[in-house]
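In: My questions are about this predicted structure, shown below with the sequence.
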Amino acid sequence: MADTKPLDMSASLLGWYDRHHRDLPWRTPPARGKAGFRTDPYRVWLSEVMLQQTTVQAVKSYFDTFTRLWPTVEDLARAPSEDVMAAWAGLGYYARARNLKRCAEAVAADHGGLFPDTEAALLSLPGIGAYTAAAIAAIAFNRKATVVDGNVERVVTRLYAIGTPLPAAKPEIRARTEAMVPEDRPGDFAQAMMDLGATICTPRRPACVLCPLKADCTALKTGDPELYPVKAAKKAKPVRLGAAYVAVGPGPSVYLRRRQESGLLGGMSEVPGTTWTARIDGATDLSGAPFAAAWQPTGSITHVFTHFELRLSVYRADMERLENGDDGWWQPVGKLDQAALPTVMKKAIAAAIPDAFRTKRKEKP
């Protein structure tokens with residue numbers, strides 16, 4: 001029974017996927033065997049990088065922007081880094097954008113603009129880890145690879161009622177998933193597992209009655225599927241403090257500067273601020289102001305990063321003339337959306353200039 005169960009489940013799952021798959025902008029329709037080669041590796045790679053720790057709904061507009069501006073990996077490789085970071089702004093986890101650019105350059109320079117078609121070769125590219133390599137190999141090249149994301153973890157822990165808490169359960173989850181991957185259509189299988197977790201086997205109130213795998217689900221037979229996956233208790237996130245200084249000049253315009261390339265929010269634009277990190281607080285007073293001015297407090301903002309919570313005291317100064325700081329520039333308020341501003345900096349600016357991001361501009365046709 002144990003030897004045949006994984007294959008039986010994959011057949012049921014693929015039949016369900018053929019009828020109920022999600023239509024996503026980076027996806028081709030369900031393929032049959034070798035037809036999986038129709039999927040564009042560039043679009044698979046781009047979508048998978050964007051989808052890391054981000055929802056499908058949030059990614060759609062960014063994916064559309066990237067593929068419109070840079071239709072091929074070679075186009076992206078040639079693009080100025082500032083433009084790539086600006087297009088990524090707001091999507092978060094900005095190291096992904098830096099690695100995206102580096103990977104595009106490597107594919108263009110070292111592989112003739114063609115993505116390698118094996119997990120091992122894909123792993124040699126900048127920014128591509130085990131999950132992304134497996135996803136590209138399976139979905140774009142129909143290679144038999146084991147693709148495990150959060151949706152797949154949820155499905156598999158429920159199928160086998162795996163009581164070991166995450167992340168300790170990951171090796172067992174991977175082994176169980178690997179046993180289920182069929183020889184043909186591995187790319188469709190990977191996407192079917194993702195779709196099942198996203199639409200049927202959801203974290204809360206899973207639609208078990210509609211699940212193609214309900215007959216084999218141990219959690220459904222023995223108890224409550226919502227109990228899985230079991231997660232280790234979360235540690236409270238540390239709180240870090242700092243200050244942000246929003247200088248408003250004629251125009252109006254806002255004084256910005258670029259963060260160093262490495263580290264948190266590397267290469268992104270920012271308003272000047274004190275030196276805070278995930279481990280240390282920055283000053284919350286005027287000691288870090290970029291230049292002398294009549295700085296006035298305008299409140300505070302809170303932003304939650306993966307490993308810590310940041311609270312910034314925000315100050316504003318209205319300038320009659322444009323002062324020069326260290327390697328900064330004055331960005332027109334009407335063009336703030338063209339600067340590579342991460343969400344935390346947009347919050348700081350909005351605390352000082354409440355209507356800075358309220359006006360929705362018409363997109364060019």
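Out: In hand now; what should we look at?
In: By mean pLDDT, point me to the weakest helix or strand of the protein.
Out: Taking mean pLDDT, DSSP states H and E as the measure, the chain has helix 5-20 as its least confident helix or strand, at a mean of 84.
In: And that helix, what's buried?
Out: 6, 9-10, 12-14, 16-17 (16 or more other CB atoms under 10 Å). The way it works is simple: take the backbone N, C-alpha and C, and place the C-beta from them, glycine included.
In: One more: stretch 280-300?
Out: So, applying 16+ other CB under 10 Å, buried residues of stretch 280-300: 281-282, 284, 286, 288-291, 293, 295, 298, 300.
In: buried stuff in the next helix or strand after the least confident helix or strand of the chain?
Out: The first helix or strand that comes after helix 5-20 along the chain, using DSSP states H and E, is helix 41-51. For helix 41-51, the neighbour count (16+ other CB under 10 Å) marks 41-51 as buried.
In: where's the least confident helix or strand of the chain relative to the chain centroid, distance-wise?
Out: Mean C-alpha position of helix 5-20 versus that of the full chain (CA atoms, centre = their mean, to the nearest Å) differs by 28 Å.
In: Repeat that for stretch 179-193.
Out: Averaged C-alpha coordinates place stretch 179-193 at 23 Å from its chain's average position (CA atoms, centre = their mean).
In: which stretches of the protein have low pLDDT?
Out: 1-8, 31-38, 324-326, 359-365 (pLDDT under 70).
In: domains for it, by residue range?
Out: Split into domains by automatic domain parsing, the chain comes to 5-227, 239-352.
In: how about those domains in CSV, adding distance to residue 233?
Out: What follows is the domains of the chain, written out as CSV (distance: least, CB to CB, whole Å):
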stretch, distance to residue 233
domain 5-227, 9
domain 239-352, 16
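In: so which of those gets nearest residue 358?
Out: domain 239-352 (8.5 Å; CB to CB).
In: now the residue lying farthest from the centre of the chain: how far from residue 250?
Out: Going by CA atoms, centre = their mean, the residue of the chain most distant from its centre is residue 320, 40.3 Å out. Relative to residue 250, residue 320 is positioned 7 Å away (criterion: CB to CB, to the nearest Å).
In: swap in residue 164?
Out: In terms of CB to CB, residue 164 sits 61 Å off from residue 250.
In: quick revisit: nearest to residue 143, of the buried residues of helix 5-20?
Out: Closest to residue 143 out of the buried residues of helix 5-20 is residue 10 (15.7 Å), distances taken as CB to CB.
In: quick one on the thing from earlier: export the buried residues of helix 41-51 to a markdown table and tack on distance to residue 106?
Out: Listed next are the buried residues of helix 41-51 as a markdown table, based on distance: CB to CB, whole Å:
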| residue | distance to residue 106 |
| --- | --- |
| 41 | 14 |
| 42 | 13 |
| 43 | 18 |
| 44 | 17 |
| 45 | 12 |
| 46 | 15 |
| 47 | 19 |
| 48 | 16 |
| 49 | 14 |
| 50 | 18 |
| 51 | 21 |
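In: List just the nearest of these to residue 343.
Out: For those, the nearest to residue 343 is residue 50 (15.5 Å; CB to CB).
In: The residue farthest from the centre of the chain contacts residue 251, correct?
Out: No: taking CB atoms under 8 Å as the definition, residue 320 is not a contact partner of residue 251, at 12.0 Å.
In: wait, doesn't residue 270 sit right on residue 340?
Out: No: between residue 270 and residue 340 there is no contact under CB under 8 Å: 9.3 Å.
In: And residue 209, its phi and psi?
Out: The phi and psi values for residue 209, taken as degrees, to the nearest 10, are phi -60, psi -20.
In: and what of the one 4 residues further on?
Out: Recorded main-chain torsions at residue 213 are phi -110, psi 10, according to degrees, to the nearest 10.
In: now swap in the one 5 residues further on and tell me
Out: Backbone geometry at residue 218, expressed as degrees, to the nearest 10, gives phi -70, psi -40.
In: Enumerate every residue touching it.
Out: Contact analysis of residue 218 by CB atoms under 8 Å, 6 or more residues apart in numbering lists 158-161.
In: Nearest spatial neighbour of residue 154, chain-adjacent residues omitted?
Out: The shortest distance from residue 154 to any non-neighbouring residue, by CB to CB, 6 or more residues apart in numbering, is to residue 197 (5.1 Å).
In: Equivalent analysis for residue 22, please.
Out: Leaving aside its chain neighbours, residue 22 sits nearest to residue 195 (5.4 Å; criterion: CB to CB, 6+ apart).
In: Report how many residues lie close to that neighbour.
Out: A count of neighbours around residue 195, defined by other CB atoms under 10 Å, yields 21.
In: I'd like the next helix or strand past the strand or helix carrying it.
Out: Assigned by DSSP H and E, residue 195 belongs to helix 186-199. Using DSSP H and E, the helix or strand that follows helix 186-199 in sequence is helix 218-222.
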